[in-house]
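J.: predicted model and sequence follow; I will ask about them next.
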Protein chains: 6
Amino acid sequence: MSDSERRARGLRKFHEVYGGALPEPPAGTLDFFDLMLEQLFGEVWTRPALSQRDRRLLIIGAIVALGERDTFGIQVRSALRNGELSAAQCREVVIQLAQYAGYPRVAGLVSVVEGIIAEAGAS
Amino acid sequence: MSDSERRARGLRKFHEVYGGALPEPPAGTLDFFDLMLEQLFGEVWTRPALSQRDRRLLIIGAIVALGERDTFGIQVRSALRNGELSAAQCREVVIQLAQYAGYPRVAGLVSVVEGIIAEAGAS
Amino acid sequence: MSDSERRARGLRKFHEVYGGALPEPPAGTLDFFDLMLEQLFGEVWTRPALSQRDRRLLIIGAIVALGERDTFGIQVRSALRNGELSAAQCREVVIQLAQYAGYPRVAGLVSVVEGIIAEAGAS
Amino acid sequence: MSDSERRARGLRKFHEVYGGALPEPPAGTLDFFDLMLEQLFGEVWTRPALSQRDRRLLIIGAIVALGERDTFGIQVRSALRNGELSAAQCREVVIQLAQYAGYPRVAGLVSVVEGIIAEAGAS
Amino acid sequence: MSDSERRARGLRKFHEVYGGALPEPPAGTLDFFDLMLEQLFGEVWTRPALSQRDRRLLIIGAIVALGERDTFGIQVRSALRNGELSAAQCREVVIQLAQYAGYPRVAGLVSVVEGIIAEAGAS
Amino acid sequence: MSDSERRARGLRKFHEVYGGALPEPPAGTLDFFDLMLEQLFGEVWTRPALSQRDRRLLIIGAIVALGERDTFGIQVRSALRNGELSAAQCREVVIQLAQYAGYPRVAGLVSVVEGIIAEAGAS
């Protein structure tokens, strides 16, 4: 697969993963985004063994444990837009992870989830 | 729900979650295990909004990010026994998480997964 | 103990722990808060073996290591209001933890502590 | 204070903190230990605003959140030897921290605590 | 070395390390800053075995893994001012660390680096 | 660049990075290793903006903060074999990171470094 094919494939996957919740990184401006699209989206997320929803659940668990609130919000918003998680399931993610990642990690995520659900007009 | 009902319910869930991969914590000896069974297994894992497999994927993501190798092994073994993840999917979990939790976190997990797959006679 | 008793007990403990530094989570709106009150405040913080101040010191150590600045601020404000820690002791917490959690973790906490002390009119 | 005074003071504090649970680092062989004794033990642990027991609780919280099992064992053994924590309190430390640092972090600590209590002939 | 010499030496090193990117902590107001200057800057950063640039790379790696964005910005700004890292090298730091600390940790650092490079009129 | 070229390039870089301290991952057996060689070694470590030694210092910082002791040992052994770090500099790495990653993280690394230095017959 050529590098431009990899990039095109990565870009396609990027949009599937974020469902429009994140703007497309501008092509050819920063190597960081080129590598991320080609490697992470073009060659990891596109692999067949696990569904996109499965991969999402795995990385949401990691992101909560790392305490990266902004990235958490992007993932929840994308999952909700894509229909991978319902509003009730987004709320449940925080409940399930509370005693695994610890209350100090999830305390601030409840309002993040509620904000995303309200913004989407879901309930 | 009485405390003994909660404990019985937690114990039932505990066995469903671990599928025999972990011995039952002895009742009434350590408060730590009693609370874990009553609260975490009796009142969190039993909630309906997410399936047991969904909850597993979420916490595997968190456990990998935390770098807890033994606990990771127990979860993978349980998921394989329960048929929640195939051997190929257990391997894919490590691939998907590598660039999210970082290579230093997952480097040692490849052999953990291979050991569990070999032990189970899966492939 | 019934669930409503557990909740009442958890709510009482919640107010003792935060000393008015945190508003009461609205009852029956989000399962997250219900579980937190019933389990964490109703059944963990209320246990006898360690004092409330001892539990506070333990979790402040954990919160600093996790790098959760907002939660740290809430705990310090509560400890100061409750008389569990004096202003000098709040400052000392950051000094003691600097070389255990690392300077990048505590660098931003000095101004958090000073802000809380100033706000309380302590010194 | 001269460097040799600082070192002597640090060494004295080192023995108070560990209560014989850790051998004395050999003087003048590794700069790492010299700095640790002079700075951390000679100039931080010796400060007056918090008691040695208070400092212990703070760093145990941090150590559990970091997931450093060996260091956790050393601290618990020292606290038990020094009479800073009873056997019941050592057990309670793990219970209090479970939902703050997360179950994957504390799951392996229960047996560490039980081993130390058994070794000390406490209960 | 007397305490005032240590402090003077630490202050000199502090300014070399930050290259004017951080204001001088006011002397004698907070013990936290006095200890940081005397110990960390006066006695660690001044040691000969590694260059200041080497020490910077080591701690930038640690700071990214810890996820401390503000502290990361201060280090990058200082390295750029001091000529320790070129603009291209600051960008490369984030690329090299992406798969070691994980994408959730570095995702927000790209714009931090670009902001610092723009502010410095570098490219 | 074709996938086989990428793999060959990654393998060459892998051996330069580890200097013989790590066996070559068997080709075509596990996708995890194929991706790691092609992406991380073939396309990240081979980039020009930072030297191999610079990249090593960055990731050692990250690995220490993550607390991955085995991976830390591999990196130190490789750096020593490659002449990127002298024995004195390996020791200094732990000293510089102690107050950034925290003493609980580095406490166990002193003996790792000493073991590697002894094994190499360095001093």
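T.: Structure's in. What do you need?

J.: gap between the residue nearest the centre of chain A and A:Leu22?
T.: Geometric centre of chain A, nearest residue: A:Gln75, 3.0 Å, by C-alpha atoms, centre = their mean. According to C-beta to C-beta, to the nearest Å, A:Gln75 stands 10 Å off from A:Leu22. Where you see a C-beta, it was placed from the backbone N, CA and C, and this is true even at glycine.

J.: ok, now A:Ala62?
T.: 18 Å.

J.: returning to that earlier point: dihedrals phi and psi, the spatially closest residue to the residue nearest to the centre of chain A that is not a sequence neighbour?
T.: Distances taken as C-beta to C-beta, 6 or more residues apart in numbering or on different chains place A:Ile60 nearest to A:Gln75, at 5.3 Å, with adjacent residues excluded. Phi and psi for A:Ile60, reported as degrees, to the nearest 10, are phi -60, psi -40.

J.: which ones are touching A:Ile60?
T.: A:Phe72, A:Gln75, A:Val76, A:Ala79, A:Val93, B:Leu58, B:Gly61 (C-beta atoms under 8 Å, 6 or more residues apart in numbering or on different chains).

J.: right, and the residue nearest to the centre of chain A touches A:Ile59 too?
T.: Yes - at 6.8 Å, A:Gln75 and A:Ile59 qualify as touching, with contact defined as C-beta atoms under 8 Å.

J.: just checking, A:Arg47 touches B:Val93?
T.: No - look at A:Arg47 against B:Val93 with C-beta under 8 Å: they stay out of range, at 11.5 Å.

J.: for chain D, see how far away A:Ser78 is.
T.: When distance is defined by C-beta to the nearest C-beta, to the nearest Å, A:Ser78 is 25 Å away from chain D.

J.: so that residue sits against A:His15, correct?
T.: No - contact between A:Ser78 and A:His15 fails when scored by C-beta under 8 Å: they sit 10.2 Å apart.

J.: of the two, which one has the most company?
T.: Taking neighbours as other C-beta atoms under 10 Å in any protein chain shown, A:Ser78 and A:His15 compare with A:Ser78 leading, 21 against 14.

J.: OK, contacts around that one?
T.: A:Ser78 neighbours (C-beta under 8 Å, 6+ apart): A:Val17, A:Tyr18, A:Gly19, A:Ala21, A:Leu22, A:Arg56, A:Glu84.

J.: for chain A, which residue gets nearest to chain B?
T.: A:Gly61 (2.4 Å; C-beta to the nearest C-beta).

J.: and that residue, what element?
T.: Taking DSSP states H and E as the criterion, A:Gly61 maps to helix A:52-66.

J.: how far does whatever helix or strand comes next after that helix sit from its chain's centre?
T.: Going down the chain from helix A:52-66, the next helix or strand is helix A:69-81, by DSSP H and E. Between the centre of helix A:69-81 and the centre of its chain there are 5 Å (C-alpha atoms, centre = their mean, to the nearest Å).

J.: give me the angle between helix A:69-81 and helix A:52-66.
T.: Helix A:69-81 and helix A:52-66 are oriented at 160 degrees to each other (axes from the mean of the first three to the mean of the last three C-alpha atoms, to 10 degrees).

J.: so which bits of helix A:69-81 are buried?
T.: Within helix A:69-81, the residues that qualify as buried are A:Thr71, A:Phe72, A:Gly73, A:Ile74, A:Gln75, A:Val76, A:Arg77, A:Ser78, A:Ala79, A:Leu80, A:Arg81, counting by 16 or more other C-beta atoms under 10 Å in any protein chain shown.

J.: quick one: the residue of chain A found nearest chain F from chain E, how far?
T.: Nearest residue of chain A to chain F: A:Gln39, at 4.7 Å (C-beta to the nearest C-beta). In this view, A:Gln39 and chain E are 8 Å apart by C-beta to the nearest C-beta.

J.: and for A:Arg6?
T.: From A:Arg6 to chain E the distance is 16 Å (C-beta to the nearest C-beta).

J.: tally of neighbours for that residue?
T.: Quick note: A:Arg6 (other C-beta under 10 Å) scores 19 neighbours.

J.: stretch A:30-40 spans what distance, first to last residue?
T.: With C-alpha to C-alpha, to the nearest Å applied, stretch A:30-40 spans 15 Å between its terminal residues.

J.: for A:Gln96, give me its contacts.
T.: B:Val44, B:Trp45, B:Arg47, B:Leu50, B:Arg55, B:Leu58, B:Ile59.

J.: quick one: secondary structure of it?
T.: Three-state call for A:Gln96 (DSSP: H, G, I helix; E, B strand; the rest coil): helix.

J.: show the pLDDT at it.
T.: For A:Gln96, the pLDDT comes out at 98.

J.: check the one 4 residues further on too.
T.: On the pLDDT scale, A:Tyr100 is placed at 98.

J.: now do the contacts for it.
T.: With C-beta under 8 Å, 6+ apart, A:Tyr100 has these contacts: A:Gly61, A:Ala65, B:Leu58, B:Ile59, B:Ala62, B:Ile63, D:Gly102, D:Tyr103, D:Pro104.

J.: ok, and the closest non-adjacent residue to the closest residue to chain D within chain A?
T.: Nearest to chain D in chain A, going by C-beta to the nearest C-beta, is A:Gly102, at a distance of 4.2 Å. Spatial nearest neighbour of A:Gly102, chain neighbours left out: D:Gly102 (4.2 Å); criterion: C-beta to C-beta, 6+ apart.

J.: how many residues are close by that neighbour?
T.: D:Gly102: 33 surrounding residues under other C-beta under 10 Å.

J.: which residues does it contact?
T.: Per C-beta under 8 Å, 6+ apart, neighbours of D:Gly102: A:Ala65, A:Gln99, A:Tyr100, A:Ala101, A:Gly102, A:Arg105, B:Ala62, B:Leu66.

J.: please repeat the previous calculation with a cut-off of 10 Å.
T.: A:64-65, A:97-106, B:59, B:62-63, B:66, B:68, B:71, C:62, C:66, D:64-65, D:67 (C-beta atoms under 10 Å, 6 or more residues apart in numbering or on different chains).

J.: also A:Val113?
T.: Going by C-beta under 10 Å, 6+ apart, A:Val113 touches A:72-73, A:76-77, A:80, A:87, A:90-94, A:106, C:30, C:32.

J.: before we move on, back to that, who touches both of A:Ser78 and A:His15?
T.: A:Ala21, A:Leu22.

J.: who's more crowded, A:Ala62 and A:Leu22?
T.: Neighbour totals were compared for A:Ala62 and A:Leu22, and A:Ala62 leads with 28 against 14 (other C-beta under 10 Å).
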